[in-house]
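S.K.: Compute the structure for the input listed below.
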Amino acid sequence: MTLPRLRALGRLALFLWGLGFSGLALAHDVAEADAAFVRATDGPAFIPFAYLGAKHMVTGIDHVLFLVGVVFYLFRLRDVLLYVSMFAIGHTVTLMGGVLLGVEANAHIVDAIIGMSVVYKAAENLGLLKKIGVAIDSRAAVFAFGLAHGMGLATKLLQLHPAANGLVANLVGFNVGVEIGQVLVLTFVVTLLNLLRRAPGFAVGARVANIALVIAGLVLTALQIGKFARA
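M.R.: Residues are numbered from 1 along each chain as shown. Here you go, the predicted structure:
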């Protein structure tokens, strides 16, 4: 494996590890200006809400880490599309349903589950689940964790008390934005992984990167459990 490739894989692992620690402050947080906009909006505002959805996905470190884990070992485009679709359907169901029905959960518990979704996917990538005899359909797991991610989005939106006037249009816009943000993130991640996979020593760097994902997910989970205990 060439030195530049090794450096690239090392940087990827450090990047993922750093994302997890930056996620201590950023997971599901909403900028005050964005929160004020949501609270003040009365009526349809499709484009602004689409922007907020895309922004939340791109800057939502927990979402990004989970998606990295999901696509890490997917080599065919149809597999990427299948798994990403399962995730998208899951978070759409709970995002739309949760807000429209006024169903929310404890934000810290939901975020802890989301942190564990990162741990689960990276552990699966490392073959740890297989070693302990745990066999879960990956597609079903991605869908289930998509439900958790969507509930996290719904809970955060409900805490901002969006107006009923134009709510459906704004929710659709937000969800469309989330999907756009997801495409942007995946385009970057999949392109980078495809470049690195051509290196003969990719497996070693990939293992390091997934260990970094496990650590990042555990840190995110521990933080949220700690916040729940102190609440």
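
S.K.: Can you list phi and psi of the residue nearest the centre of the chain for me?
M.R.: Geometric centre of the chain, nearest residue: His63, 1.2 Å, by C-alpha atoms, centre = their mean. When read as degrees, to the nearest 10, the backbone of His63 gives phi -60, psi -50.

S.K.: so what's the closest residue in space to it that isn't next to it in sequence up against?
M.R.: Once flanking residues are discounted, His63 sits nearest to Met57: 5.7 Å by C-beta to C-beta, 6 or more residues apart in numbering. For glycine as for every other residue, the C-beta is placed from the backbone atoms N, C-alpha and C. Counting by C-beta atoms under 8 Å, 6 or more residues apart in numbering, Met57 makes contact with His63, Val64, Gly177, Val178, Ile180, Gly181, Gln182, Leu184, Val185.

S.K.: Recalculate using a threshold of 7 Å.
M.R.: His63, Val178, Gly181, Gln182, Val185 (C-beta atoms under 7 Å, 6 or more residues apart in numbering).

S.K.: Quick check: which helices or strands does the longest helix anywhere in the chain pack against?
M.R.: Longest helix in the chain, counting residues (DSSP state H): helix 167-197. If contacts are counted by 3 or more C-beta pairs under 7 Å, 6 or more residues apart in numbering; DSSP states H and E, helix 167-197 sits against helix 3-26, helix 46-59, helix 61-71, helix 77-101.

S.K.: ranking those by mean pLDDT, which is last?
M.R.: Mean pLDDT values for these show the minimum at helix 3-26, a mean of 50.

S.K.: Same question for the helix or strand just after it: list its buried residues.
M.R.: With elements assigned by DSSP states H and E, the helix or strand that comes after helix 3-26 is helix 32-40. Neighbour counts over helix 32-40 (16 or more other C-beta atoms under 10 Å) mark Asp34, Ala35, Phe37, Val38 as buried.

S.K.: Skipping adjacent residues, who's closest to the last one in space?
M.R.: On the basis of C-beta to C-beta, 6+ apart, the spatially nearest residue to Val38 that is not a chain neighbour turns out to be Leu160, at 4.4 Å.

S.K.: Put the alpha carbons of stretch 80-96 into PDB.
M.R.: This file holds the C-alpha atoms of stretch 80-96, laid out as PDB (Å, rounded to 0.1, in the frame of the first residue of the first chain):
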ATOM      1  CA  VAL A  80     -26.100   1.700  -1.500                       C
ATOM      2  CA  LEU A  81     -29.500   2.800  -2.900                       C
ATOM      3  CA  LEU A  82     -31.300  -0.100  -1.100                       C
ATOM      4  CA  TYR A  83     -29.800   0.600   2.300                       C
ATOM      5  CA  VAL A  84     -30.100   4.400   2.100                       C
ATOM      6  CA  SER A  85     -33.700   4.000   1.000                       C
ATOM      7  CA  MET A  86     -34.400   1.800   4.100                       C
ATOM      8  CA  PHE A  87     -32.900   4.500   6.300                       C
ATOM      9  CA  ALA A  88     -34.800   7.300   4.500                       C
ATOM     10  CA  ILE A  89     -38.100   5.500   4.800                       C
ATOM     11  CA  GLY A  90     -37.600   4.800   8.500                       C
ATOM     12  CA  HIS A  91     -36.700   8.400   9.400                       C
ATOM     13  CA  THR A  92     -39.500   9.800   7.200                       C
ATOM     14  CA  VAL A  93     -42.100   7.700   9.000                       C
ATOM     15  CA  THR A  94     -41.200   8.900  12.400                       C
ATOM     16  CA  LEU A  95     -40.300  12.500  11.400                       C
ATOM     17  CA  MET A  96     -43.600  13.100   9.700                       C
END
